[in-house]
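J.: next come a sequence and a model predicted from it.
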Amino acid sequence: MNREHKPKLPRTDAVPVLRTDFSDPAGWDRLVQVLETPVTFDEGSEDPFAYERATSYVNPVGKEKYRGLLADMVLAAAPYTGHDLPYDHLYLADAETFASDDLPLLGIDIHLDEEDDEPWPREKPFRIPALHVAGVEINDSIANLFFRENHDFDWSGFEVYVAKPGTAVYEELRRMELDQEEDEEGEEGEEED
């Protein structure tokens, strides 16, 4: 991607995860699978409602037009004042993401300058392991811990637990997901009538 070119960032309701490196298709598939993995922060939890998927909060975008996109290009496309994007941060899945087992995404703070007495500056881009994205997004969505406040977090000391296929909680989550899909299909069918 030409560094002079200002990319048009996607208008998605969910925070985008933009694929910028296309040299590892299996790595992208693995990343999407990790973002869809049910995770919890309560060890041994058998409560399906204690689990979340990052894809409930983020939207993986694998479009070729974002190939080679860099953090400074994102910041140029989302100026400190005046952009109208519906999210205040996003993630890049770049070569460094795919080179590591924990798939650390590059998180970029693009919030707008607040019109108050003491506006806070944007944080420098920072890495977040893919399995931790759900926790970051949950906390951000409820204003418990804003995205930017994760910039110096030590992820190695923070355990996340996954619901593995075949476990009772995974099967319950899958059943709930299928029920939701059936409900949505039923609602679409009613609208067409």
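T.: Perfect, I can see it now.
J.: please count neighbours and contacts with C-alpha atoms only from this point.
T.: Fine.
J.: name the helix or strand of this structure that has the lowest mean pLDDT.
T.: helix 168-192 (a mean of 80; mean pLDDT, DSSP states H and E).
J.: contacts for it?
T.: Pro38, Glu46, Asp47, Pro48, Ala163, Lys164, Pro165 (Cα atoms under 8 Å, 6 or more residues apart in numbering).
J.: neighbours of the residue nearest to the third one when sequence neighbours are not counted, just the number please.
T.: Excluding the flanking residues, the one nearest Asp47 by Cα to Cα, 6 or more residues apart in numbering is Val169, at 6.9 Å. Other residues within reach of Val169 by the criterion other Cα atoms under 10 Å amount to 21.
J.: quick one, what contacts the most centrally placed residue in the chain?
T.: Among the residues of the chain, the one closest to the centroid is Val58, at 3.9 Å (Cα atoms, centre = their mean). Shown in contact with Val58 (Cα under 8 Å, 6+ apart): Ala14, Val15, Pro16, Val17.
J.: phi and psi next, for it.
T.: The phi and psi values for Val58, taken as degrees, to the nearest 10, are phi -120, psi 160.
J.: mind listing the residues bridging to it?
T.: Val15 (DSSP bridges).
J.: so how far is Glu137 from it?
T.: 8 Å (Cα to Cα, to the nearest Å).
J.: likewise Arg175?
T.: 24 Å.
J.: which one's more surrounded, those two?
T.: Taking neighbours as other Cα under 10 Å, Arg175 and Glu137 compare with Glu137 leading, 22 against 12.
J.: follow-up on the earlier one: TSV please, covering the contacts of Val58 and showing neighbour count.
T.: Formatted as TSV, the contacts of Val58 follow (neighbours: other Cα atoms under 10 Å):
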residue	neighbour count
Ala14	16
Val15	22
Pro16	22
Val17	22
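J.: tell me the secondary structure for the nearest residue to Thr12 once chain neighbours are set aside?
T.: Of all residues not flanking Thr12 in the chain, Pro86 sits nearest, at 7.1 Å (Cα to Cα, 6+ apart). Put simply, Pro86 is coil when judged by DSSP: H, G, I helix; E, B strand; the rest coil.
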